[in-house]
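>>> fold the stuff below for me.
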Amino acid sequence: MERVSKGDPRRPDASGDEQRLAELGYRQELPRVLHLWTNWAVGFAFISPIVGLYTIVALGATTAGPPWVWSLPVVVGGQFLVALVYARLAAHWPIAGGIYQWSRRLLGGAFGWWAGWTYLWALVVVLATTAYAGGGFLGQLLGVRTRSAWSHLLLALVVMVAFTAINAVGLDLLKYTVNVGIACELIASVGIGITLVVFFRHQPVGELVRAPHLPGNGPYLPAFLGAVAFTGWAILGFDACGGLSEETHDAGRQVPRATLMSIATVGTVMAISALGLTLATRDPAAVTAGRVADPVSAAVVGAFGPWVERPFLAVVVIGFVACGIAEQATLVRVIYSLSRDGMLPLSRLWRRVSSRNQSPTAAVLLSGALATAAFLYAKVLTVLVDFATGAYYVGFLFPIVAVVVVVVRDRQSLPPTIGRRTQLIAVAALVWLVAELVNIAWPRQPGLPWYEDYAVVVGSGALGVVGLLYFLGRHPHRVAAGRPAADLPPAG
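Got it, this is the predicted structure:
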């Protein structure tokens, strides 16, 4: 990244950002050092073509066969509607915590607390899923068998420690790691995807529209909807751009751009990679039947030869690390933002910013511990993906519901950035999120215990009960409302 000296007129003036933050009720505590490129990079790394796509390729292919790739444009299109609304909210409220802050300022403290509570735990489980899946790829790279649950968990713990250590150091190391990760993303996604399509295609293009022979000979539509549910996990994270608003120069303009850029670029990269991997598969029927444990590595090694396996796995592991630190950075900002408003237990500890590295170090350690507890409990990738996706979509709903409710009640109280066109987009986004949430929550794994097959319902219900007990016992939104006027963020 080009360095700009203090005297250079191109250097962004942080005073405008800090003034806007002060108008919203906060003082600048986090270092404002990110620019458009790095803010976009965090969003790109969070969504991550490597992590998102390579985690769901086997799930999508075994569920719906090669035509599962069409679930990508469906999900990207629906999520782009959500991103358009989020971009307009971030333009008006460029504050750390994103979804929590937007929800609170639209419909008040109680609604905002529930948004923050849901969003926090969604991020915890998404981070746990990335660490758990990354542990599997790390095991392949090191030649360690992960057939036993405990060996896989140990590798996942190693990956989680790496995420946490990098975030604890601060933004400088985070930026460097994310940039390296994106370079690996481009090599492993775009480069390999194009090469597979051009030089190593084993299947005709018609394979992408031919319904495969599915186990049980059931109808194809439910299978495709299942692939859409799994793909929903791969298109999460564009909201991370808004989460780092307080660390981004000219946040009111740059964060909305980065939000839309992240989902557009990742959608394109995923499409290229998915096409390459699917058309380069030698035996699609074996993949659909589940006889190929890792169809990604099988397609790549089958095309380039055994020598590429280790370098390819190294690139994938680096991509997982970049994704994980971006996810954890977003989670840390949510914890920090909630704690700054007194919304969590021990808020004074979690909101504390270290003078040494200008990072909320205690919040970083908390996020790592919570994610570790999540994958130690689940130990099944499909359960983690299901629950993580469902919880995240519930979190996604809060600001969208808030915008629609305010439109119905009194659209004059909406932020000026939410015009009539964005209001219509919010309604369409609401329909998409509800439909996808129902699709994700639908039980599709009869071979699993009932509490795993209903992972979204059981997990959301458990978090809801725990959240309700805390909410009724502590009334956290009233704690924030009782703070001195000089410290209280405005409600709108």
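
>>> list the buried residues for the longest helix seen in the chain?
Longest helix of the chain, by residue count under DSSP state H: helix 109-142. Neighbour-count burial for helix 109-142, counted by 16 or more other C-beta atoms under 10 Å, picks out 109, 111-141. Where you see a C-beta, it was placed from the backbone N, CA and C, and this is true even at glycine.

>>> any idea of the mean pLDDT in it?
Computed over helix 109-142, the mean pLDDT rounds to 90.

>>> now do that helix: which elements does it pack against?
Contact here means 3 or more C-beta pairs under 8 Å, 6 or more residues apart in numbering; DSSP states H and E; on that basis helix 109-142 packs against helix 54-64, helix 99-107, helix 149-169, helix 309-340, helix 361-378, helix 381-410, helix 455-474, helix 476-481.

>>> buried deepest among the ones you listed, which one?
Across the helices and strands packed on helix 109-142, averaging neighbours per residue (mean count of other C-beta atoms under 10 Å) puts helix 99-107 on top, at a mean of 28.

>>> pull the CA atoms of that helix into PDB?
What follows is helix 99-107, C-alpha atoms only, in PDB (Å, rounded to 0.1, in the frame of the first residue of the first chain):
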ATOM      1  CA  ILE A  99     -25.800  -4.400  12.800                       C
ATOM      2  CA  TYR A 100     -26.100  -3.800  16.500                       C
ATOM      3  CA  GLN A 101     -25.700   0.000  16.200                       C
ATOM      4  CA  TRP A 102     -28.000   0.400  13.200                       C
ATOM      5  CA  SER A 103     -30.700  -1.700  14.800                       C
ATOM      6  CA  ARG A 104     -30.500   0.200  18.100                       C
ATOM      7  CA  ARG A 105     -30.600   3.600  16.400                       C
ATOM      8  CA  LEU A 106     -33.600   2.700  14.300                       C
ATOM      9  CA  LEU A 107     -35.800   1.000  16.900                       C
END
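
>>> what angle separates it from helix 109-142?
With axes from the mean of the first three to the mean of the last three C-alpha atoms, to 10 degrees as the basis, helix 99-107 and helix 109-142 are set at 160 degrees to each other.

>>> now for helix 99-107, which elements pack on it?
Counting contacts by 3+ C-beta pairs under 8 Å, 6+ apart, the secondary-structure elements packed against helix 99-107 are helix 71-92, helix 109-142, helix 309-340, helix 381-410.

>>> where in the stretch 151-300 of the chain is pLDDT low?
Residues of the stretch 151-300 of the chain meeting the criterion pLDDT under 70: 213-218.

>>> surely Pro443 is in a strand?
No: inclusion of Pro443 in a strand is not indicated when DSSP: H, G, I helix; E, B strand; the rest coil is applied; the result is coil.

>>> next, count neighbours for it.
Pro443 has 14 neighbours, counted by other C-beta atoms under 10 Å.

>>> gap between it and Thr177?
38 Å (C-beta to C-beta, to the nearest Å).

>>> just to revisit the earlier point, closest one to Gly170 among the helices and strands packed on helix 99-107?
The stretch from the helices and strands packed on helix 99-107 with the least distance to Gly170 (C-beta to C-beta) is helix 309-340; that distance is 10.4 Å.

>>> got the buried residues for the following helix or strand past the closest one?
Taking DSSP states H and E as the definition, the helix or strand that follows helix 309-340 towards the C-terminus is helix 347-350. The neighbour-count criterion (16+ other C-beta under 10 Å) identifies Ser347, Trp350 as the buried residues of helix 347-350.
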